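Novice: only geometry, no sequence info:
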């Protein structure tokens, strides 16, 4: 949620200083306050030179340097600098959204979020990038965008030193190291690192696949999935490996392929020490040790270790044969069966 602009702490300032559980102002803060000089426009912090209008806002600002966050949420133990921030945060738990847009009815937890949203309806984009003339609703959005031109990546992972231009991708990346998956499906209990991944997963339970291919009538959960699928029909492979010349339909598959050349196999099985390129490959492999077979046929109850095996099996019940020979039009349930058949014609 967007914070209101003020002379108080910005979100980035707050999150780049260490949290403490100090309940009262520390001696360090007292000594810093005593050394503070009064400027023409109010008070000046002797630590960073920032000017504040009154002693109260100065005391709030000093918590950047002391790390003090005395206001704690009793639901999740997250701490805050000011009681007003805690009040706003509690709406995450209560689901309270008291500010509603008069144009479209969308509601928000903070008035500042509503004000920014209303600019979408008015079309006001007052912040302009001088490099490419792209316009933005908020100054922070412009600042983030400009890092595309400058190449600046100020956010660094403390585990592997990988750098990011925005703080949210850093947070998401760090979950790879910590194993944190805060978003959980209420239907099956599966957990995800990103809310978008959870939302996409939820469609599995609803069965909703609204995006249909006009070539083969296959349906997809997302428009992006459909777009990628269409490359099967167009034979489009725009992502080329510079080392071996092999081409791919998506950038993500190219990146995975490049790890083969780099010899990078960063996911290791604790049972047999075998290493894998992706965490998905490792997860599938671990089912050999655990005996887990999570994919169940809805027709006969047979279980499978991999979703691909389940899909191929279900075609026995449905009669679906999606792989057809271009010479004699004989249909097959699996691509491997089609490839074997093609040798007859060659």
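Specialist: Looks like it arrived, so ask away. Note that this is a predicted model, so its numbers are computed, not measured.
Novice: quick one: neighbours of the closest residue to residue 120 other than its chain neighbours, just the number.
Specialist: With C-beta to C-beta, 6 or more residues apart in numbering as the criterion, residue 120 has its nearest non-adjacent residue at 7.3 Å, and that residue is residue 137. Any C-beta I mention is one placed from the backbone N, CA and C, and that applies to glycine too. Applying other C-beta atoms under 10 Å, we find 19 other residues in the vicinity of residue 137.
Novice: surely residue 137 meets residue 121?
Specialist: No. Between residue 137 and residue 121 there is no contact under C-beta atoms under 8 Å: 11.2 Å.
Novice: point out where the stretch 51-200 of the chain drops to low pLDDT.
Specialist: Low-confidence segments of the stretch 51-200 of the chain, defined by pLDDT under 70, are absent.
Novice: what about the helices in it?
Specialist: With DSSP state H, counting those that start in this stretch as the criterion, the stretch 51-200 of the chain has helices at 55-66, 83-94, 111-122, 139-150, 167-178, 195-206.
Novice: can you tell me which of the ones you listed is most buried?
Specialist: helix 55-66 (a mean of 18; mean count of other C-beta atoms under 10 Å).
Novice: mind checking how far it is from the chain centre?
Specialist: 32 Å (C-alpha atoms, centre = their mean, to the nearest Å).
Novice: for that helix, enumerate the helices and strands it packs against.
Specialist: For helix 55-66, the elements it packs on are helix 27-35, strand 42-44, judged by 3 or more C-beta pairs under 8 Å, 6 or more residues apart in numbering; DSSP states H and E.
Novice: mind listing what's buried along stretch 283-299?
Specialist: Under the neighbour-count criterion of 16 or more other C-beta atoms under 10 Å, stretch 283-299 has 284, 285, 286, 295, 297 buried.
Novice: mind checking which of those land in strands?
Specialist: Among those, DSSP state E puts residue 295 in strands.
Novice: want to throw the buried residues of stretch 283-299 into CSV with pLDDT and distance to residue 254?
Specialist: Shown next, in CSV, are the buried residues of stretch 283-299 (pLDDT from 0 to 100; distance: C-beta to C-beta, whole Å):
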residue, pLDDT, distance to residue 254
284, 91, 21
285, 93, 23
286, 92, 26
295, 90, 28
297, 92, 34
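Novice: wait, which of the buried residues of stretch 283-299 is closest to residue 46?
Specialist: residue 286 (55.4 Å; C-beta to C-beta).
Novice: now residue 171: how far from residue 289?
Specialist: 31 Å (C-beta to C-beta, to the nearest Å).
Novice: the closest residue to residue 147 other than its chain neighbours: neighbour count?
Specialist: Of all residues not flanking residue 147 in the chain, residue 165 sits nearest, at 4.2 Å (C-beta to C-beta, 6+ apart). By other C-beta under 10 Å, 17 other residues sit near residue 165.
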